[in-house]
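Peer 1: next input, structure requested:
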Amino acid sequence: MSIHDSPVGPEEHAGESGLGAPLGPWAGAQIAVWCGKTGKQWHANPDCYTLRSRAREEVFTQPVEGTLADRRLPENLHCVPPGLLRDYLTAAGKLGKYEQATNVGCEQLDDGQLPVIAFGALTALGGVIDALESDPLESSWRSARRRRDELVDRARPLLAGRLPLLLAAQWVLSGKTPRQYKARYSDFVDAFIDAFESAGLAFFGLYDYVAKDMLPRWLQDVADGNAPSRASDRMATEEEARLERSSQRPDPDVVRRATQTIVHIGEDWARRLAELVASHDGEVVALFNQERLPMDKPLRDLFTTVRPGAHLHTRDFAWTIERVPAVLNLFFFDEREGERIGLVLERDDVDAFDTATCALFLRNLVAQLGQPDLADYVEAGAGAAASDEIRVDYPVAQLRWPHGDLVHTYPGLGMTREDLLPALRAAQGGVRFPSAGD
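Peer 2: Okay, the predicted model is just below:
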């Protein structure tokens, strides 16, 4: 039987990352694998749901030293042994992906792009933190964290200036909805069409091409951390290459004029984003449901992994209070569900809200709403990002709302800033409401 040194198959989905990690518990292990009489797929997990019979069995002895890339396993291996070996392989794989993300972030920053991926939450590491903080992965994990921290420190100066533009681009992009585009999105498309028509370059299907391809790519490029000018240059270069590859062989003058027009359109789109940011200038203090923000997870996580604030995760909601760019207020109404997912609490005395004040507000708020025991679950500072999963250790919230919760679909219901003022003013004055332990 042939062997291979790639990791596990689809059941474990460990991928190729992490193969440079030490063998750990795999060193010297005897790995039994099974296969059906006519089957070509091998299984190292005796309880695998696709293992129909154990007609054939082989045992593979693993090397006593080396890395996970040196393992001896059969071809077409579907799953690995359960327990310690699988857990170690999962931890090593997630460590490898974490290191890969750091490498990508370094390349992006060196290329002038804000590496949003560098500010991502550690929740992607799931329950493997204990394994990463133990031998033999501990030294690799410390090195990976140090490199990531260095990248974040290098990228932080770029964050303040670029983040409002990222948010503006993401908000416009969220207007690309089924059936009918939101006005904020169609305005960008119309600007492109007008420019091409004025230049005598319009063609059949142009609207759909711009709305479904060019504009989403440009907006996503900006939302991914690139400067609008860089996104515009990329768009013009790609379209010039596409025209030159066209089977209709357009006149070189047409290609030149189209490229120049696209450059001007990119400048117009960038101006529109800048005006959107300028109309929501500065910072505000806001309370919002982090999990409901309609944006990509790396960008969403940024608000709890980097910026100072406070967070409360329950089985019902994930609240964050912090100083945020004012343009984030555009996201605080869920247009699809007709619900409000955030509130601006303060526009003037923003500097007074440090991490401690934000945490004190959340503790006061849950006490005000009749469940002071939730104060023990308030997390202050960066790094407390929400998970995509509802964890069993999250508390159950049974708050006594005055007229509905923070979000509500019915007019006149839902929390208002006035409802939150007692907890807000007390926090600004450094006063803590009595909690369950007082």
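
Peer 1: hang on, residue 322 is in a strand, isn't it?
Peer 2: Yes. Counting by DSSP: H, G, I helix; E, B strand; the rest coil, residue 322 is located in a strand.

Peer 1: mind pulling up the pLDDT for the residue nearest to it when sequence neighbours are not counted?
Peer 2: Distance criterion CB to CB, 6 or more residues apart in numbering; nearest residue to residue 322, sequence neighbours excluded, is residue 309 at 2.5 Å. All C-beta spots, glycine's among them, are computed from the backbone N, C-alpha and C. As predicted, residue 309 sits at a pLDDT of 88.

Peer 1: residues touching residue 309, list them.
Peer 2: By CB atoms under 8 Å, 6 or more residues apart in numbering, the contact set of residue 309 is 303, 320-323, 355, 358, 381-382.

Peer 1: roughly how far apart are it and residue 296?
Peer 2: For residue 309, the distance to residue 296 equals 20 Å [CB to CB, to the nearest Å].

Peer 1: from residue 81, how far out is residue 18?
Peer 2: Distance, residue 18 to residue 81, using CB to CB: 17 Å.

Peer 1: who has more neighbours out of those two?
Peer 2: Set residue 18 next to residue 81 and count neighbours by other CB atoms under 10 Å: residue 18 wins out with 26 against 19.

Peer 1: doesn't the more buried one belong to a strand?
Peer 2: No. Counting by three-state DSSP, residue 18 is not found in a strand; it is coil.

Peer 1: residues in contact with it?
Peer 2: Residue 18 makes contact with 7, 68, 89, 91-97, according to CB under 8 Å, 6+ apart.

Peer 1: which residue comes closest to it once chain neighbours are left out?
Peer 2: Nearest residue to residue 18 in three dimensions, chain neighbours excluded: residue 96, at 3.2 Å (CB to CB, 6+ apart).

Peer 1: got phi/psi on the one you found?
Peer 2: phi -60, psi -40 (degrees, to the nearest 10).

Peer 1: quickly find the element holding the nearest residue to residue 268 once chain neighbours are set aside.
Peer 2: What sits nearest to residue 268 in space, not counting adjacent residues and going by CB to CB, 6+ apart, is residue 191, at 5.6 Å. Residue 191 belongs to helix 183-198 when assigned by DSSP states H and E.

Peer 1: gap between that helix and the chain center?
Peer 2: Computed by CA atoms, centre = their mean, to the nearest Å, the chain-centroid distance of helix 183-198 equals 30 Å.

Peer 1: so that it lines up with my notes, have the first residue be 4 from now on.
Peer 2: All set: I'll call the first residue 4, so the last point we hit is now helix 186-201.

Peer 1: put the alpha carbons of that helix into CSV.
Peer 2: Backbone C-alpha positions of helix 186-201 (Å, rounded to 0.1, in the frame of the first residue of the first chain) are rendered in CSV as follows:
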residue,chain,number,x,y,z
ALA,A,186,-30.1,54.5,-3.7
ARG,A,187,-26.6,54.7,-2.2
TYR,A,188,-25.5,51.9,-4.4
SER,A,189,-27.3,52.8,-7.6
ASP,A,190,-26.0,56.4,-7.4
PHE,A,191,-22.4,55.0,-7.9
VAL,A,192,-23.6,52.8,-10.8
ASP,A,193,-25.4,55.8,-12.4
ALA,A,194,-22.3,57.9,-12.1
PHE,A,195,-20.3,55.3,-14.1
ILE,A,196,-23.0,55.0,-16.8
ASP,A,197,-23.3,58.8,-17.2
ALA,A,198,-19.5,59.1,-17.6
PHE,A,199,-19.3,56.3,-20.2
GLU,A,200,-22.3,57.7,-22.1
SER,A,201,-20.7,61.2,-22.2
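
Peer 1: just the buried residues of the helix or strand that comes right after it, please?
Peer 2: Counting by DSSP H and E, the next helix or strand C-terminal to helix 186-201 is helix 209-212. Buried residues in helix 209-212, defined by neighbour count with 16 or more other CB atoms under 10 Å: residue 209.

Peer 1: CA atoms of helix 209-212 as CSV?
Peer 2: Once non-C-alpha atoms are left out, helix 209-212 reads as follows in CSV (Å, rounded to 0.1, in the frame of the first residue of the first chain):
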residue,chain,number,x,y,z
LEU,A,209,-23.0,48.1,-19.4
TYR,A,210,-25.3,48.7,-16.4
ASP,A,211,-25.4,45.1,-15.3
TYR,A,212,-21.6,44.7,-15.8
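
Peer 1: any chance you could list what contacts it?
Peer 2: With contact meaning CB under 8 Å, 6+ apart, helix 209-212 is reached by 192, 196, 199.

Peer 1: what about the stretch 254-403 of the chain, any weak spots by pLDDT?
Peer 2: Within the stretch 254-403 of the chain, the ranges that satisfy pLDDT under 70 run 307, 337-341, 385-395, 403.

Peer 1: so which residues of it form strands?
Peer 2: 286-292, 312-316, 321-328, 336-337, 342-343, 345-349, 382-383 (DSSP state E, counting those that start in this stretch).
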